[in-house]
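In: need a 3D model of the following:
(chains A and B)
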Amino acid sequence: MKTQATRWLSFISRRSVTPTETIVLNRHQIFILPTRVGFLFALMLVVMLVSSMNYNNNMGYMLTFLLSSIAIVSTLHTQRNLLGLRVTVGRVKPVFAEETAQFELWLDNRGQDARYNLIWQSRFSQRMGLNCQTNPELTIDIPAEQQINLVIPILSTMRGRLSLGTITVYSCFPIGLFYAWAPIHLDISAIVYPKPVGRKQLPRNKTPQSREGEYSCEGSGEDFIGYRDYQLGDSPRHIDWKAVARGQDWLIKQFGGINATLLWLKWDEVSLLNDVEASLSQLCLWVLIADSQKIQYGLKMPHCTIEPNNGQQHREHCLQTLASYTLP
Amino acid sequence: MKTVNLALFPRLATLKWLLVILILVVLPHLFHLAWWIIPSFFIMLLWRYLIFQQYWSSLSPHSQFGLALLVLLGIFLSYGTWFGRDAGIAFLVVLCGLKWLEMNNSRDAFLLVFLSYFLIITHFLYSQAIITVIYLGVVTWLITATLISLSDNNDKLPTVRRLRLSAILLVQALPLMVVLFLLFPRLAGTLWSLPKDAYSGITGLSDSISLGQVSKLSLSHEVVFRVKFHGKIPPLRSLYWRGPVLWWTNGRDWQSGIQYYKKMNNLDFHPLSEPVNYTVTLEPHNQRWLFALDLPAQAPPDGYLNIDYQVLANSLVHQRLIYSLSSYIRYRANILTHQQHRLGLSLPPGKHPRARILAQQWLQQYRQPQAIIQRALQYFNQESFVYTYTPPLLIADPIDEFLFETRQGFCEHYAAAFTVLMRAAGIPARIVTGYLGGTVNPIGNYLIVRQRDAHAWSEIWLPDQGWIRVDPTAAIAPERIEAGIDIALPDQENLLSGFLTDNSIVIQVLQNLRYRWDIINNAWNQWIVSYNSFRQQQLLGQLGLEDFDWRHITILLALTMILLWIGLAAWILLRQPAIVNDPAQQIYQRFCRKLARRGVHRLPSEGPLTFANRVSTMHPDLAQAINQIIALYLQTRYRSQSQTLAQLRLAVRKFNF
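Out: This next block holds a predicted model:
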């Protein structure tokens, strides 16, 4: 029976609503039910009423009716705590898979009274409402006449787009006997890059842009240009000791001039892994390494090619291409 | 380790709130409960507070359980039961204390708050007076504020806001409460039998007297009943309020006669004066009898007359009762059965030898009953009898000792002694107890009868006259009869008289205030504390809704509640917050509303300048007017407030789309 109730609740709270960028809560979107202590309170009222009847005690009646009336009035206050709340989408930074995306929302309370103790949850959970206790980080107050921002963390599982989905705002204020909630569907999603993992070395197909042969001149430039495998006789100063400490292979840091080399990161080189996700993860790792080494790198995918370049924008372009590979 | 756990919840602020409400809600029970309950409750309160402040370590679950068993056992030992009113309340109080000790999450705190609400209702079993209700109203307000503080997880609401919100909730709940109170279908009678001690602690006249006991009720200011006369108030000395009639005696104790509860339909009764009509509001006294002016012609609808012309209710009077009666101050009541005749002459064998001898002397001397009565009254008047509320103890034979040795006593002694003398002289006699006189409230024009007005007198039966009231107290202390109990009592009983003269303005003002206060109390008792199904019908009748049964009332209640709820919802949910008090901004918003009516809405993010630019490009014809208004607005709001405000107001008023 309980599951049925839960299903019904989630049904009514997910009625067909198209996500938008701004939502203003109206009374059709706000639902209200007693909390667990609310049921306890009702039980107490019944006992009080029966005792008042039995003793025919008019002041007992009076108190019972006063408390019932307070409970009735409190439902209106609980609803008011949510009513008219304007929620607007904010920014959300891209994340790598299995990282937590921070969805930023703006809560606009200008021209309205203060709201207290709003509890935000990324999913509808009846149990949560019944107890009205939660993670204090997502319990916020919005002072009157102010706009504040709220960050909802959601753990990403796989690359692609992570949509915020339906979030729920609860309120048990002022006396905790009833909880009101409103489902909020907002059009906001985060880009999730593939998880940067892989075992393959950065490819060595560095093509000199103009001056051939400069590639092997170790330490000739001041800019870090990449790694190569350790060979006997290499200077210990160039060994990447951090990588060694991490348990990776011994690598030699190579230094060269600015824009000295071009690096192509090719799908063909990772497609041997026979697993699209693993291949994308490998490419993602390479992009990050190449970016951190300030190498000019390009990306060759089956469906598109990104010309070599470097910088923040280029990196994001490449990562987005990887994130959306074969996804709509 | 435990201490840390407990310290997490609740916050200190909430803990203090809970502490305050628990103290306030339990305090009035101080004298109702066994002596150890309240002190141990306060120890538990302090204990938890010290745990919280980390002075003490907390209790283990085992010792908590042990403590709970201990107090349960204590309650059983003190009360002999776990049920009943007093034991139940004691149980609730210690339950609160135990919960307070072990409270470690918010649900425990909620439970504690609910228990406090419940404790409030227990006070109403002892008192429903205005003062009690005001005090408990304030406590309810504070408890609701505590409930708000429990729901305010971030602790953002300042105390003043919390108290204000609690008051708002209470005030908004009031209309709903009034409707529920007036229209909720009321039961007549109880749902199940009440515990034995449900109405204990109410003292009053009893249906027996025992000579030599210290009279407790005689000095109490407690109101027994109030009387509203439909005409003029008769002289106080003629107001004998008839209560239990006593026949049986063993020489020391007097009790009511046979067939006491039997209803009599045809009482031989002839009124000799005009009827006196009046309405009595009787305070609950847990007895059957109703007080009526000597002598009532007929019983009220919810009572009956017995063979002693005494009015009895159909059941024990646990609730305040209002009844109307007609009485005749002069009457002839003839009824005397054989049994009564025998009983009215009987004396315990072997008792009161000296009284019997005295009566025999009188009988031989006078023969005529009237003369004997006169002689007896003369005896009280001329011998050195003293009227006092602190008579010496009477040990062996109370009547003889009183009549011939101590000669100090109050109405009961005189009535009993006189009755014994009459019976010994062969005149059927009985004792009537009740109240005499009362205090007139000149402002409300009604009579207040208090416990201290209690009185006892005798009735004798003469063949040609029937029952005749004889008040022997009048012979010894006529001022008691004429002017009421205050005169008869020694001076120190009246606290104020020591340092203020009777006619001083202070006394008069105080007296006046006291009368007004009694009027308020009387109205409160009649209309609110005594509200019942009868009053409900009366109220509906006044509204033109006659012959409503409980189904109609329920429908009416539901409809009224829904209407009120809609009104409240409109008020709470649709109300625009009145936060803006800057006049310039108000005028600017008026301007924005004017535009909005024509479909030009200001976006929440738009400042005045951007908004003006956008509207100007949309409606070039209005650009000049709009820019002027915006310029004025900016100048008024952000530079000089006063000079340009009038201009701005005028510009906005003139602005037409």
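
In: all helices of the stretch 251-400 of chain B, in order?
Out: Counting by DSSP state H, counting those that start in this stretch, residue ranges of the helices within the stretch 251-400 of chain B are B:338-343, B:353-366, B:369-382, B:398-401.

In: okay, buried residues for the third one please.
Out: By neighbour count, and taking 16 or more other CB atoms under 10 Å in any protein chain shown as the criterion, the buried residues in helix B:369-382 are B:369, B:372-373, B:375-377, B:379-380. Using the backbone N, CA and C atoms, a C-beta is placed for each residue, glycine as well.

In: can I get the helices of the stretch 251-400 of chain B in JSON lines with mean pLDDT?
Out: Shown next, in JSON lines, are the helices of the stretch 251-400 of chain B (pLDDT from 0 to 100):
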{"stretch": "helix B:338-343", "mean pLDDT": "86"}
{"stretch": "helix B:353-366", "mean pLDDT": "89"}
{"stretch": "helix B:369-382", "mean pLDDT": "88"}
{"stretch": "helix B:398-401", "mean pLDDT": "87"}
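
In: for chain A, longest helix please?
Out: For chain A, the helix with the greatest residue count under DSSP state H is helix A:58-80.

In: surely A:Thr305 touches A:Cys318?
Out: No. Taking contacts as CB atoms under 8 Å, A:Thr305 lies outside contact range of A:Cys318: 11.0 Å.

In: quick revisit: who wins for proximity to chain A among the helices of the stretch 251-400 of chain B?
Out: Smallest distance to chain A across the helices of the stretch 251-400 of chain B (CB to the nearest CB): 37.3 Å, for helix B:338-343.

In: export the helices of the stretch 251-400 of chain B to TSV and tack on distance to B:Val138?
Out: Formatted as TSV, the helices of the stretch 251-400 of chain B follow (distance: least, CB to CB, whole Å):
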stretch	distance to B:Val138
helix B:338-343	56
helix B:353-366	59
helix B:369-382	54
helix B:398-401	51
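
In: can you tell me which of these is nearest to A:Trp264?
Out: Nearest of these to A:Trp264, taken as CB to CB: helix B:398-401 at 126.9 Å.

In: average pLDDT across the following helix or strand past that closest one?
Out: Sequence order places strand B:408-409 as the next helix or strand after helix B:398-401, per DSSP states H and E. Per-residue pLDDT over strand B:408-409 has a mean of 84.

In: could you list the domains of chain A?
Out: Following automatic domain parsing, one gets these domains for chain A: A:2-193, A:207-323.

In: need the winner for burial among these.
Out: domain A:2-193 (a mean of 18; mean count of other CB atoms under 10 Å in any protein chain shown).

In: run the chain-centre distance for that domain.
Out: Centroid separation for domain A:2-193 versus its chain: 20 Å, with CA atoms, centre = their mean, to the nearest Å.

In: please apply the same query to stretch B:599-611.
Out: 62 Å.

In: can you give me the end-to-end distance of it?
Out: 14 Å (CA to CA, to the nearest Å).

In: can I get the buried residues of helix B:369-382 in TSV with distance to chain A?
Out: Converted to TSV, the buried residues of helix B:369-382 look like this (distance: CB to the nearest CB, whole Å):
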residue	distance to chain A
B:Pro369	49
B:Ile372	51
B:Ile373	47
B:Arg375	53
B:Ala376	47
B:Leu377	47
B:Tyr379	50
B:Phe380	46
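
In: turn those into JSON lines, including distance to B:Ala299.
Out: Putting the buried residues of helix B:369-382 into JSON lines (distance: CB to CB, whole Å) gives the following:
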{"residue": "B:Pro369", "distance to B:Ala299": "31"}
{"residue": "B:Ile372", "distance to B:Ala299": "34"}
{"residue": "B:Ile373", "distance to B:Ala299": "30"}
{"residue": "B:Arg375", "distance to B:Ala299": "37"}
{"residue": "B:Ala376", "distance to B:Ala299": "33"}
{"residue": "B:Leu377", "distance to B:Ala299": "32"}
{"residue": "B:Tyr379", "distance to B:Ala299": "38"}
{"residue": "B:Phe380", "distance to B:Ala299": "34"}
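
In: ok, those residues vs A:Gly38, which is closest?
Out: Nearest member of the buried residues of helix B:369-382 to A:Gly38, counting by CB to CB, is B:Phe380, at 71.3 Å.

In: low pLDDT regions in chain A?
Out: Scanning chain A for pLDDT under 70 picks out A:1-19, A:128-129, A:131-137, A:205-225, A:232-235, A:255-261, A:328.

In: please redo it, this time with the cut-off set to 80
Out: A:1-20, A:110-111, A:123-137, A:144-146, A:204-262, A:271-274, A:327-328 (pLDDT under 80).

In: hey, where'd the helices end up in it?
Out: Under DSSP H, chain A gives helices at A:2-13, A:36-55, A:58-80, A:126-131, A:241-245, A:267-270, A:276-292, A:312-323.

In: B:Leu125 is nearest to which of those?
Out: helix A:36-55 (6.4 Å).

In: B:Tyr323: neighbour count?
Out: 20 (other CB atoms under 10 Å in any protein chain shown).

In: I meant B:Ala90, not that one.
Out: B:Ala90, neighbours per other CB under 10 Å, totals 25.

In: what sits against it?
Out: B:33-34, B:37, B:75, B:78-79 (CB atoms under 8 Å, 6 or more residues apart in numbering or on different chains).

In: before we move on, the earlier item: export the helices of chain A to JSON lines and tack on distance to A:Pro203?
Out: Shown next, in JSON lines, are those (distance: least, CB to CB, whole Å):
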{"stretch": "helix A:2-13", "distance to A:Pro203": "49"}
{"stretch": "helix A:36-55", "distance to A:Pro203": "60"}
{"stretch": "helix A:58-80", "distance to A:Pro203": "61"}
{"stretch": "helix A:126-131", "distance to A:Pro203": "50"}
{"stretch": "helix A:241-245", "distance to A:Pro203": "17"}
{"stretch": "helix A:267-270", "distance to A:Pro203": "6"}
{"stretch": "helix A:276-292", "distance to A:Pro203": "8"}
{"stretch": "helix A:312-323", "distance to A:Pro203": "15"}
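
In: and the residue of the stretch 301-450 of chain B that's closest to chain A?
Out: B:Gln319 (5.8 Å).

In: could you list which residues are in contact with A:Leu263?
Out: A:202-203, A:205-206, A:226, A:290, A:295-298, A:308.
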